[in-house]
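S.K.: could you work out the structure for the sequence below:
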Amino acid sequence: MFILCTNDDGYLAPGISVLADAARSMGDVHVVAPDREQSATSHSLTMHFPLRARAVREGVHHVDGTPTDCVALAVGALLDRRPDLVLSGVNHGPNMGEDVLYSGTVAGAMEATILGIPAVAVSYTGRDSEQMQSYGPLLEKLLPQLVRPGEFPRETLLNINLPPIDASEVKGVQVTRLARRVYIDSLTKAVDPNGKPYFWIGGGNVEWSAPEGTDFHAINTGYVSVTPLHLDLTNHALLADVAAWDLKV
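M.R.: Numbering: from 1, shown residues only. You can find the predicted model right below:
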């Protein structure tokens, strides 16, 4: 199996080494990742200036663009053959609930899914890098169970979140749906030294709606969360209702 690894924290981030090392038990691994932090870039493509890729060493490239750029360039230009699997992560921080809409980590896996390649996004929900590295053996065992040749669901990626505990303390794995979360006071307005106002997005508090069966509930109770994410965002249950509105122009 030929495996592409990417992320949104940059090619030097410890998380991508953990993921790539775990993936090597499954096959050959090539890393194509951003040259710098690209968190919260979502599924953005770089279209207004040229992209540059550099070979750092054998099996590793970095790109001055987003995770989506990295996957597109890897598949279209940098690799000598098409990957059988794309792994994105391990992200430093959670990607649960609505986070998946903003996440560059999830977007890297999503771009692979669009290209018809099985893909898995992996995030560690804590901030302790040493603790995150304890998940190498767990991922080495879990990933082959998720990526079965010929059985991976079409137009779907798997979003994994790892709880903020040592891997030895994990209780098991739960297949989950997305929780809901609301950021409170996440927009800050301030004034720069020249007296001009500016705004800062981020921080504040988070309130979760996370009943049993959601990703946040699994993480909060010591389980690894695995959430299947589909490319089709259509609310199929409402199609007939909206059609009944008898819209006219």
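S.K.: what are the phi and psi angles of Asp84?
M.R.: With angles defined as degrees, to the nearest 10, Asp84 sits at phi -90, psi -20.
S.K.: how many other residues sit next to it?
M.R.: 17 (other Cβ atoms under 10 Å). No exception for glycine: its C-beta is placed from N, CA and C like everyone else's.
S.K.: same check on Leu51?
M.R.: Neighbours of Leu51 using other Cβ under 10 Å come to 16.
S.K.: can you pull the contacts of it?
M.R.: 63-65, 69, 73 (Cβ atoms under 8 Å, 6 or more residues apart in numbering).
S.K.: now do the SS call for it.
M.R.: coil (DSSP: H, G, I helix; E, B strand; the rest coil).
S.K.: how far does stretch 222-236 sit from its chain's centre?
M.R.: In terms of Cα atoms, centre = their mean, to the nearest Å, the centre of stretch 222-236 is found 12 Å from the chain centre.
S.K.: and what of stretch 168-177?
M.R.: With Cα atoms, centre = their mean, you get 18 Å for stretch 168-177.
S.K.: which residues are contacting the helix or strand Val206 falls within?
M.R.: Following DSSP states H and E, one finds Val206 within strand 205-209. Applying Cβ under 8 Å, 6+ apart, the contact partners of strand 205-209 are 97, 179-185, 216.
S.K.: okay if I get these as a markdown table plus neighbour count and secondary structure?
M.R.: Output for the contacts of strand 205-209, formatted as a markdown table (neighbours: other Cβ atoms under 10 Å; DSSP: H, G, I helix; E, B strand; the rest coil):
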| residue | neighbour count | secondary structure |
| --- | --- | --- |
| Gly97 | 21 | coil |
| Ala179 | 23 | coil |
| Arg180 | 14 | strand |
| Arg181 | 16 | strand |
| Val182 | 13 | strand |
| Tyr183 | 14 | strand |
| Ile184 | 8 | strand |
| Asp185 | 8 | coil |
| Phe216 | 23 | helix |
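S.K.: nearest to Asp8 among these?
M.R.: Distances from Asp8 to those, taken as Cβ to Cβ, are shortest for Gly97 (17.3 Å).
S.K.: how close does the closest one sit to Ala121?
M.R.: Computed with Cβ to Cβ, to the nearest Å, the distance linking Gly97 and Ala121 is 14 Å.
S.K.: and what of Ser225?
M.R.: 12 Å.
S.K.: residue boundaries of the helices in the chain?
M.R.: 14-23, 67-73, 99-102, 104-114, 129-133, 136-146, 215-220, 239-243 (DSSP state H).
S.K.: what angle separates the first one from helix 104-114?
M.R.: It refers to helix 14-23. Orientation note: helix 14-23 sits at an angle of 40 degrees relative to helix 104-114 (axes from the mean of the first three to the mean of the last three Cα atoms, to 10 degrees).
S.K.: buried stuff in helix 14-23?
M.R.: 15-23 (16 or more other Cβ atoms under 10 Å).
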